[in-house]
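K.L.:
Predicted coordinates and the sequence they were generated for:
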Amino acid sequence: MKKKILFIVGALSLVTAGIFSDVLFDDEKLAKHLCDYGNPYSCWSAGRYEHVRNDGHNAATVSFYKKSCDLGLGRSCNVMSGYYWSPNQQSIEEAKDLKMAFHYIKLGCEKGDKKSCHN
């Protein structure tokens with residue numbers, strides 16, 4: 001029994017640490033659930049599910065990427081920058097806002113996203 005608990009805790013730690021960060025969760029509900037518990041990679045995955053389901057970005061997609069960025073995933077900050085930078089990707093209430101675009105790209109770089117650092 002003790003070994004099972006340690007295995008489950010270890011597996012959850014690996015996911016939280018981001019070892020599986022580039023793998024989308026197979027279960028959208030699981031991704032959203034883990035996002036609710038503060039896992040930035042799960043929020044990223046939930047945003048990807050929303051993007052695919054809606055054939056593009058919408059308010060739900062943006063909210064998952066924003067939460068992922070707020071939780072420390074730099075590539076989500078990079079995506080958020082795009083929402084403010086490019087008018088044809090607009091899916092948030094604000095108009096094109098370069099100040100916010102630069103804020104998110106800088107945040108992405110600070111959180112370790114190499115693409116953000118090169119933009």
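P.N.:
Received the coordinates, thanks.
K.L.:
The spatially closest residue to residue 73 that is not a sequence neighbour - how many residues pack around it?
P.N.:
Sequence neighbours aside, residue 40 is the residue nearest to residue 73 in space, at 3.8 Å (criterion: C-beta to C-beta, 6 or more residues apart in numbering). For glycine as for every other residue, the C-beta is placed from the backbone atoms N, C-alpha and C. When neighbours are counted by other C-beta atoms under 10 Å, residue 40 registers 23.
K.L.:
what's the answer for residue 78, then?
P.N.:
Look at residue 78: counted by other C-beta under 10 Å, it has 23 neighbours.
K.L.:
and what of residue 64?
P.N.:
Around residue 64 there are 24 residues (other C-beta under 10 Å).
K.L.:
still on that earlier bit, how near is the residue nearest to residue 73 to residue 97?
P.N.:
As judged by C-beta to C-beta, to the nearest Å, residue 40 and residue 97 stand 23 Å apart.
K.L.:
The residue nearest to residue 73 contacts residue 77, doesn't it?
P.N.:
No. The criterion here is C-beta atoms under 8 Å, and residue 40 misses it with residue 77 at 10.3 Å.
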